[in-house]
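In: Got a predicted model here, sequence first, then my questions.
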Amino acid sequence: MGQDILKNLIQATGISEELISPELKLLTERAGIPEQDLTIEDLRLILAEYVQEVLLSAKEQFDSQNCPETKEAALLPLDA
């Protein structure tokens with residue numbers, strides 16, 4: 001079941017399997033869930049944590065650049 005869930009996710013992303021499979025394998029291993037036992041709920045929790053990590057990392061990188069012009073531009077509405 002879990003391997004089918006991962007295959008569907010990989011296909012849905014449109015990202016090369018060679019790029020995304022190792023990342024998903026790492027995430028499931030880190031969560032301590034064998035791929036064959038993975039459920040949709042497990043995947044949701046794993047990906048939610050992953051997104052938080054990515055966003056926190058991006059924020060830290062953004063903050064470390066300490067560029068006021070960039071920060072101000074990031075706060076503008078998209079249609080500005």
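Out: Received, thanks.
In: switch to C-alpha atoms for all contacts and neighbour counts from now on
Out: Fine.
In: quick one: buried residues of the top helix by length along the chain?
Out: Longest helix in the chain, counting residues (DSSP state H): helix 40-65. Of the residues in helix 40-65, L43, I46 count as buried by neighbour count, 16 or more other CA atoms under 10 Å.
In: Please state the offset of that helix from the chain centre?
Out: In this view, helix 40-65 has its centroid 6 Å away from the chain centroid, taken as CA atoms, centre = their mean, to the nearest Å.
In: Just name whatever secondary elements that helix is in contact with.
Out: With contacts defined as 3 or more CA pairs under 8 Å, 6 or more residues apart in numbering; DSSP states H and E, the packing partners of helix 40-65 are helix 17-31.
In: for the protein, what helix or strand is lowest in average pLDDT?
Out: The helix or strand of the chain with the poorest confidence is helix 68-75; it has a mean of 57 (mean pLDDT, DSSP states H and E).
In: Is the closest residue to I20 other than its chain neighbours in a helix, a strand, or coil?
Out: Distance criterion CA to CA, 6 or more residues apart in numbering; nearest residue to I20, sequence neighbours excluded, is I10 at 6.9 Å. Following DSSP: H, G, I helix; E, B strand; the rest coil, I10 is assigned to helix.
In: For I10, give me its contacts.
Out: I10 makes contact with S16, E17, I20, S21, according to CA atoms under 8 Å, 6 or more residues apart in numbering.
In: Buried ones in stretch 17-29, by neighbour count?
Out: Buried, per 16+ other CA under 10 Å, within stretch 17-29: S21, L24, L27, T28.
In: next one: phi and psi at G14?
Out: phi 80, psi 0 (degrees, to the nearest 10).
In: Distance-wise, check it relative to I46.
Out: Going from G14 to I46 by CA to CA, to the nearest Å gives 19 Å.
In: again, but for E53
Out: 11 Å.
In: cool, and L56?
Out: 15 Å.
In: Same question for I40.
Out: 10 Å.
In: what helix or strand is L6 on?
Out: Following DSSP states H and E, one finds L6 within helix 2-13.
In: then that helix to PDB, C-alphas only?
Out: Below are the C-alpha coordinates for helix 2-13, written out as PDB (Å, rounded to 0.1, in the frame of the first residue of the first chain):
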ATOM      1  CA  GLY A   2       2.700   2.500   1.000                       C
ATOM      2  CA  GLN A   3       4.700   2.000  -2.100                       C
ATOM      3  CA  ASP A   4       1.600   2.700  -4.200                       C
ATOM      4  CA  ILE A   5       1.000   5.900  -2.300                       C
ATOM      5  CA  LEU A   6       4.600   7.000  -2.900                       C
ATOM      6  CA  LYS A   7       4.400   6.100  -6.600                       C
ATOM      7  CA  ASN A   8       1.200   8.200  -6.900                       C
ATOM      8  CA  LEU A   9       2.800  11.100  -5.100                       C
ATOM      9  CA  ILE A  10       5.900  11.000  -7.400                       C
ATOM     10  CA  GLN A  11       3.700  10.900 -10.500                       C
ATOM     11  CA  ALA A  12       1.600  13.800  -9.200                       C
ATOM     12  CA  THR A  13       4.500  16.000  -8.600                       C
END
